[in-house]
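K.L.:
3D, please:
(2 chains)
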Amino acid sequence: AQSVTQPDIHITVSEGASLELRCNYSYGATPYLFWYVQSPGQGLQLLLKYFSGDTLVQGIKGFEAEFKRSQSSFNLRKPSVHWSDAAEYFCAVAGSGGYQKVTFGTGTKLQVIP
Amino acid sequence: DAGITQSPRYKITETGRQVTLMCHQTWSHSYMFWYRQDLGHGLRLIYYSAAADITDKGEVPDGYVVSRSKTENFPLTLESATRSQTSVYFCASSESQGYTEAFFGQGTRLTVV
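P.N.:
Residues are numbered from 1 along each chain as shown, chains lettered A, B, ... in the order given. Now for the predicted structure:
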């Protein structure tokens, strides 16, 4: 069965600092991988997704993620964090078959301090 | 307004009562989903629907009922609410079977007392 682990429940970074959120997955074949962001009181919004091809994926809001098959990881990065990036971030993994097959991680809450 | 809307945003109900959470989308997306979000569990799929009159169970369907008589609506009913169903519920829709983007509603915070 597929699974995804986000080892950091809560991360605090200073505004302007770089950010890396960790995501490790378990899946038998090449997975579909996603990062979503949930701002307070809002639903989830897709930041980026990886299906195949280039292992470095660019997303919205200046985020990127790198798929590393050897490490079963799909870490999310941003070179310079803005206060508006404070939110909860979810990594998700799926095989083929649509969103009913997606497994979400437990989320990482990002706090941005001045 | 275009998009996906959930109602109510907040609901308090008593144990044993029936409660229905509404979800409406304006895109005519084929697929719709209900998730619950609990601390330490992330999002878990309750039910999903591939089209009007086609629904199927997700990971945690017990205690919930869904229907989809119209493409745009996908209500979720708790037949007899229990405290363990206290959660934040999200509805989502996507255009197709594949991984085109899924759009999420703002959520309904349900408290069962």
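K.L.:
around chain A, pick out the residues from chain B.
P.N.:
Proximity of chain B to chain A (C-beta under 8 Å from any C-beta of the partner chain) is limited to residues B:4, B:31, B:33, B:40-45, B:48, B:56, B:58, B:90, B:92, B:94, B:96-99, B:101-107. From N, CA and C alone the C-beta is placed, and that goes for glycine too.
K.L.:
at 7 Å what do you get?
P.N.:
By C-beta under 7 Å from any C-beta of the partner chain, the residues of chain B that approach chain A are B:31, B:33, B:40-43, B:45, B:48, B:58, B:90, B:94, B:97-99, B:101-102, B:104-107.
K.L.:
take these and keep only those in strands.
P.N.:
Per DSSP state E, strands hold the following members of the residues of chain B next to chain A: B:Tyr31, B:Phe33, B:Gly42, B:Leu43, B:Leu45, B:Tyr48, B:Phe90, B:Ser94, B:Ala102, B:Phe104.
K.L.:
helix or strand with the lowest mean pLDDT in chain A?
P.N.:
The weakest-scoring helix or strand in chain A, judged by mean pLDDT, DSSP states H and E, is strand A:103-104 (a mean of 89).
K.L.:
ok, now chain B?
P.N.:
strand B:102-104 (a mean of 88).
K.L.:
ok, it: who's next to it in the sheet?
P.N.:
strand B:87-94 (antiparallel) (DSSP bridges).
K.L.:
give the burial count for the residue nearest to A:Gly95 when sequence neighbours are not counted, as a bare number.
P.N.:
Computed as C-beta to C-beta, 6 or more residues apart in numbering or on different chains, the closest residue to A:Gly95 that is not its neighbour in sequence is A:Lys101, at 5.7 Å. Other residues lying near A:Lys101 total 16 when counted by other C-beta atoms under 10 Å in any protein chain shown.
K.L.:
just to revisit the earlier point, contacts for the least confident helix or strand of chain B, please.
P.N.:
A:Gly43, A:Leu44, A:Tyr99, B:Ile4, B:Phe90, B:Ala92, B:Ser93, B:Ser94 (C-beta atoms under 7 Å, 6 or more residues apart in numbering or on different chains).
K.L.:
A:Leu19 touches A:Val13, doesn't it?
P.N.:
Yes: using C-beta atoms under 7 Å, A:Leu19 is in contact with A:Val13, at 5.5 Å.
K.L.:
quick check: neighbours shared by those two?
P.N.:
Common neighbours of A:Leu19 and A:Val13, counting by C-beta under 7 Å, 6+ apart, are A:Val81.
K.L.:
contact residues of chain A facing chain B?
P.N.:
Residues of chain A lying close to chain B (C-beta under 7 Å from any C-beta) are A:32, A:41-44, A:46, A:49, A:51, A:90, A:98-100, A:104-107.
K.L.:
so who does the closest residue to chain B within chain A touch?
P.N.:
Here chain A gets closest to chain B at one residue, A:Gly43, 3.2 Å apart by C-beta to the nearest C-beta. Applying C-beta under 7 Å, 6+ apart, one finds that A:Gly43 lies in contact with B:Phe90, B:Phe104, B:Gly105, B:Gln106, B:Gly107.
K.L.:
again, only using 10 Å
P.N.:
For A:Gly43, the contact set (C-beta atoms under 10 Å, 6 or more residues apart in numbering or on different chains) comprises A:36, B:3-4, B:6, B:35, B:37, B:88, B:90-92, B:102-107.
K.L.:
name the nearest of these relative to B:Thr26.
P.N.:
Taking C-beta to C-beta as the measure, B:Thr26 lies nearest B:Gly3 of the contacts of A:Gly43, at 6.2 Å.
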